[in-house]
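In: Below are the sequence and a predicted model; questions follow.
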Amino acid sequence: MRLFDTHAHLDFPHFRADRDEVLRSLREERVAILNVGTDLRSSEASLDLARQHAFVFATCGVHPHGAGEFTTEVETQLDTLLRNGAVAVGECGLDFYRDLSPRDLQVAAFRAQLRLARRRDLPVILHERAAWETFLSVLREERPPRGVVHAFSGNAARARAIVALGLHLGIGGPLTYPKNDALRQAVRAVPLDRILVETDSPYLPPEPYRGKRNDPGKVRLVVARLAALRGMPVAEAADATWASACQLFAVSPRF
Ligand SMILES: [Zn+2]
């Protein structure tokens, strides 16, 4: 069985002590990873990881938390990184929950990255928190050709709105949280080929690992829950989400 974790941050300091070990076990377990950049530095680190491992792929982007520093200089550097082997732009988007950057600057940085994605013909990794209405209207205006709403946490209506835009849903550990019935309904409300699985490692560990560091191997628990909800064998859900990830990011992982 092969699994594809479409959102991880293995370059983060949480993995400083045992990164090689984690990567070695992922190769053995046949878990491919999209390592997602959140600023210029982590975008470069993601590209480095991808150069070293044929089952790791990199994205380059600036998270809404850092949107306040998204100057034209940063945009130019990001574009250079994108031409050095990135398979997607992001993560980018809007976070009006933590509001770590002014909202107008978040919208500007988001639009700029959606346009970069269009120019480079790359999919986008999207982050949205407590900003749904603005997020949706920016997407409707900028129309990214393809991409994934990572850590999707909405209900069935929101899931359908994402699919109607031609985008995928990134489903992670929260699918296993007891209170998340709305999310479980959402993953039953959309076609299976619109669903990708992810961990957001080191964050958002699935049950029963909440409170601990997450790692991409735990994507298995997300796939198992997805399969149960869709009434299908785990291997079938693994194959389907693997194929969707390979297609969306145009990659062929090797272990
Ligand atoms: Zn992330």
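Out: Okay, I see it. Here the structure is a predicted model, which is why all the values come from computation and not from measurement.
In: can you pull out the helices in the stretch 51-200 of the chain?
Out: Along the stretch 51-200 of the chain, counting by DSSP state H, counting those that start in this stretch, helices occupy 72-82, 103-120, 132-142, 156-164, 181-189.
In: quick one: average confidence on the third one?
Out: The one in question is helix 132-142. Helix 132-142 shows a mean pLDDT of 97.
In: Repeat that for the fourth one.
Out: The pLDDT scores in helix 156-164 average 98.
In: The first one now?
Out: Confidence over helix 72-82 (mean pLDDT, whole number) is 97.
In: For the stretch 151-255 of the chain, just list every one of the strands.
Out: 168-171, 195-197 (DSSP state E, counting those that start in this stretch).
In: Who does the shortest one pair with, and is each partner parallel or antiparallel?
Out: The partner list of strand 195-197 in its sheet, established with DSSP bridges, is strand 168-171 (parallel).
In: Just the CA trace of the strand it pairs with, in PDB.
Out: Extracted C-alpha coordinates of strand 168-171, given in PDB (Å, rounded to 0.1, in the frame of the first residue of the first chain):
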ATOM      1  CA  HIS A 168      -9.600  19.500  -4.100                       C
ATOM      2  CA  LEU A 169     -10.200  19.200  -0.300                       C
ATOM      3  CA  GLY A 170      -7.200  18.300   1.900                       C
ATOM      4  CA  ILE A 171      -8.400  16.100   4.700                       C
END
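In: Figure out how far that strand is from the centre of its chain.
Out: 8 Å (C-alpha atoms, centre = their mean, to the nearest Å).
In: List the contacts of it.
Out: Here strand 168-171 makes contact (C-beta atoms under 8 Å, 6 or more residues apart in numbering) with 6-7, 125, 146-152, 159, 162-163, 183, 186-187, 190, 194-198, 222, 226, 244, 248. For the C-beta atoms, the positions are set from N, CA and C on the backbone; glycine is no exception.
In: and what of stretch 4-20?
Out: Counting by C-beta under 8 Å, 6+ apart, 22-23, 31-36, 38, 42, 45-46, 48-49, 56, 91, 125, 148, 150-151, 170, 172, 196-203, 213, 216, 219, 241-242, 245-246, 249, 253 sit against stretch 4-20.
In: Repeat that for stretch 230-242.
Out: By C-beta under 8 Å, 6+ apart, stretch 230-242 touches 1-4, 32, 187-188, 192-193, 195-197, 223-224, 226-227.
In: Just the buried residues of stretch 1-17, please?
Out: 2-12, 14-15 (16 or more other C-beta atoms under 10 Å).
In: helix/strand/coil for Leu34?
Out: Put simply, Leu34 is strand when judged by DSSP: H, G, I helix; E, B strand; the rest coil.
In: Double-check it against Cys60; I have them as touching.
Out: No - contact between Leu34 and Cys60 fails when scored by C-beta atoms under 8 Å: they sit 11.5 Å apart.
In: Compare neighbour counts for those two and give me the winner.
Out: A count of neighbours by other C-beta atoms under 10 Å puts Cys60 above the other of Leu34 and Cys60, at 33 against 30.
In: residues contacting the more buried one?
Out: 37, 43-44, 46-47, 78, 81-82, 86, 89.
In: quick check, nearest of the residues you listed to Phe70?
Out: The closest of these to Phe70 turns out to be Leu78 (C-beta to C-beta; 8.6 Å).
In: show me what contacts that closest one?
Out: By C-beta under 8 Å, 6+ apart, the neighbours of Leu78 are 40, 43, 60-62, 113, 116.
In: how close does Thr80 get to Phe110?
Out: 20 Å (C-beta to C-beta, to the nearest Å).
In: can you tell me which two in the contacts of Cys60 are farthest apart?
Out: Glu44 and Val89 (14.7 Å).
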